[in-house]
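1. Sequence unavailable; structure follows:
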């Protein structure tokens with residue numbers, strides 16, 4: 001009996017505390033039945049009675065809460081709806097989850113295809129070098145042979161050189177090492193996008209604008225790093241070297257007003273610092289990597305032309321072995337074949353296509369940073385920008401610098417421009 005009275009008192013205090021925590025939203029009185037001694041049936045244990053009372057109280061509280069929430073989100077008489085910014089549209093969340101699944105699938109696709117094309121590079125390099133060296137050996141043997149074996153060795157060497165020439169043309173056209181680097185970059189960037197979608201779902205309130213932006217990013221990455229080889233493959237030997245672009249075009253913002261106020265972590269000093277950083281990125285980092293990309297492209301183009309040319313000359317040389325020009329033809333067949341193996345190893349063993357793509361991607365990374373900074377600076381409404389302190393931290397980390405190092409870079413760039421001197425320091429410490 002004492003335990004029943006104690007339970008009734010506890011439940012009454014819980015109900016009273018719950019009604020006070022509602023701060024006026026739920027105003028309901030709960031009349032607890034008085035438990036009298038000797039009135040309880042033996043078939044109803046005391047604990048069951050307590051649980052039943054708690055359940056009844058929970059049902060009452062749930063009904064009261066539901067009715068209050070319905071009243072809270074009812075439209076007002078003047079046609080203005082209350083703010084419900086903390087409630088996300090279920091369809092938007094479903095779309096983001098669908099996009100996130102597609103992005104995760106693309107990560108696996110680019111990873112698997114990258115591994116496959118890396119195998120292509122190794123297998124084709126090994127096979128072509130083996131064929132070329134075997135043909136050179138057979139050409140040398142044919143030059144010292146007389147009688148029947150001469151024709152067989154000469155014909156075999158010529159056919160092997162022709163096969164190596166055709167395989168080299170195809171390999172130099174598709175540049176497997178460059179394709180591998182494209183797939184690596186695509187997998188890494190899709191992983192970043194996957195993380196961004198997860199943060200939006202967990203920390204923010206997604207909207208239809210977020211869905212559109214994510215879709216644009218996915219399509220831009222698909223365009224920048226195509227999977228097919230026929231038709232959609234990027235030109236491996238472009239006429240002009242441009243930074244890689246894998247992000248959607250930034251939406252045009254209105255021009256800044258002359259008068260502004262500090263806010264959202266931004267200040268006049270921070271804006272000047274970001275402008276100096278953009279200047280250094282344009283004058284030093286982007287320009288330097290484009291210059292290196294042009295050099296890598298020239299070397300790769302020269303090697304891509306030299307390899308098939310040498311194997312073709314070697315095939316012509318072995319075809320004339322045994323004729324009046326036999327010694328010179330045999331020498332051409334053997335030497336050109338050996339040189340073709342060296343050139344092929346330098347081009348594909350040294351992965352010159354990958355080097356060119358790496359420089360092009362780095363230049364694209366700096367170009368993206370420039371556009372991101374300028375997009376924030378060109379937004380006249382400071383409240384619509386990304387938080388200034390957070391943005392400064394992100395820029396510093398992307399450049400491999402501390403916040404003080406970033407400020408020192410901006411100060412050095414400003415003093416150099418005042419003196420009319422070119423700054424020698426690069427903005428990035430990572431590449």
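-> Happy to help now that I have it. A quick note: this is a predicted structure, and the numbers were derived from the prediction, not measured.
2. out of everything not next to it in sequence, what's closest to residue 117?
-> residue 179 (4.6 Å; CB to CB, 6 or more residues apart in numbering). Heads up, the C-betas are built off the backbone N, CA and C, glycines and all.
3. Quick check: phi and psi on the one you found?
-> phi -60, psi -40 (degrees, to the nearest 10).
4. And it, how close does it get to residue 245?
-> Look at residue 179 and residue 245: by CB to CB, to the nearest Å, they are 18 Å apart.
5. Then residue 205?
-> Taken as CB to CB, the span from residue 205 to residue 245 is 30 Å.
6. So for residue 179 and residue 245, which sits in the more crowded spot?
-> Counted by other CB atoms under 10 Å, residue 179 and residue 245 do not tie: residue 179 has more neighbours, with 26 against 14.
7. contacting residues for residue 191?
-> residue 107 (CB atoms under 8 Å, 6 or more residues apart in numbering).
8. For it, identify the helix or strand it belongs to.
-> Residue 191 is located in helix 176-203, with elements delineated by DSSP states H and E.
9. Which positions in the helix or strand just after that helix come out as buried?
-> Tracing the chain past helix 176-203, the next element assigned as helix or strand by DSSP H and E is helix 208-224. Within helix 208-224, the residues that count as buried by 16 or more other CB atoms under 10 Å are 210-211, 214, 217-218, 220-221, 224.
10. For the next helix or strand after helix 208-224, give me every contacting residue.
-> For helix 208-224, the succeeding helix or strand toward the C-terminus, using DSSP H and E, is helix 268-280. Residues external to helix 268-280 that are found in contact with it (CB under 8 Å, 6+ apart): 262, 370, 373-374, 376-377, 388, 392, 395, 399, 406-407, 409-411, 413-414, 417, 423, 425-427.
11. ok, 6 Å please
-> With CB atoms under 6 Å, 6 or more residues apart in numbering as the test, helix 268-280 has contacts from 370, 373, 388, 410, 413-414, 427.
12. before we move on, what about stretch 359-371?
-> 185, 243-245, 247, 250, 278, 281, 285-286, 289-290, 292-293, 296, 431.
13. filter the residues you listed to the buried ones?
-> The neighbour count (16+ other CB under 10 Å) marks 185, 243-244, 247, 278, 281, 285-286, 289-290, 292-293, 296, 431 as buried among those.
14. With respect to pLDDT, which of those residues ranks lowest?
-> Lowest pLDDT of these: residue 431, 76.
15. which ones are touching that residue?
-> Neighbour list for residue 431: residue 362 [criterion: CB under 6 Å, 6+ apart].
16. rewinding a little: which of the buried residues of helix 208-224 lies closest to residue 152?
-> Ranked by distance to residue 152 (CB to CB), the buried residues of helix 208-224 are led by residue 224 at 51.2 Å.
17. residues contacting residue 403?
-> residue 396 are the contacts of residue 403 under CB under 6 Å, 6+ apart.
18. quick one: it and residue 273, what's the gap?
-> On the measure of CB to CB, residue 403 and residue 273 end up 10 Å apart.
19. likewise residue 105?
-> Using CB to CB, residue 105 is found at 41 Å from residue 273.
20. of all the contacts of stretch 359-371, which comes closest to residue 167?
-> For the contacts of stretch 359-371, the nearest to residue 167 is residue 296 (23.1 Å; CB to CB).
21. So which elements touch the strand or helix carrying that closest one?
-> Residue 296 belongs to helix 287-319 when assigned by DSSP H and E. Counting contacts by 3 or more CB pairs under 6 Å, 6 or more residues apart in numbering; DSSP states H and E, helix 287-319 packs against helix 148-174, helix 326-344, helix 352-377.
22. so how far is that helix from its chain's centroid?
-> With CA atoms, centre = their mean, to the nearest Å as the basis, helix 287-319 stands 31 Å off its chain's centre.
23. do stretch 307-324 as well
-> For stretch 307-324, the distance to the chain centre is 47 Å (CA atoms, centre = their mean).
24. That one: which residues count as buried?
-> 307-322.
25. Repeat that for stretch 190-209.
-> Quick answer for stretch 190-209 (16+ other CB under 10 Å): 190-191, 193-194, 196-197, 200-201, 206.
26. likewise stretch 410-421?
-> By 16+ other CB under 10 Å, the buried positions in stretch 410-421 come out as 410, 413-414, 416.
27. So which of the residues you listed belong to helices?
-> Members of the buried residues of stretch 410-421 lying in helices (criterion: DSSP state H): 410, 413-414, 416.
28. need the residues you listed in a markdown table with distance to residue 91, can you?
-> Shown next, in a markdown table, are those (distance: CB to CB, whole Å):
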| residue | distance to residue 91 |
| --- | --- |
| 410 | 45 |
| 413 | 48 |
| 414 | 49 |
| 416 | 53 |
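29. Any figure for the gap between residue 88 and residue 358?
-> In terms of CB to CB, residue 88 sits 40 Å off from residue 358.
30. Sorry, slip of the keys, the one I care about is residue 171.
-> Distance of residue 171 to residue 358, given as CB to CB: 19 Å.
31. More neighbours: these two, which one.
-> Per other CB under 10 Å, whichever of residue 171 and residue 358 has more neighbours is residue 171, with 24 against 21.
32. Which helix or strand contains the residue nearest to that one when sequence neighbours are not counted?
-> Once flanking residues are discounted, residue 171 sits nearest to residue 124: 5.1 Å by CB to CB, 6+ apart. Following DSSP H and E, one finds residue 124 within helix 90-144.
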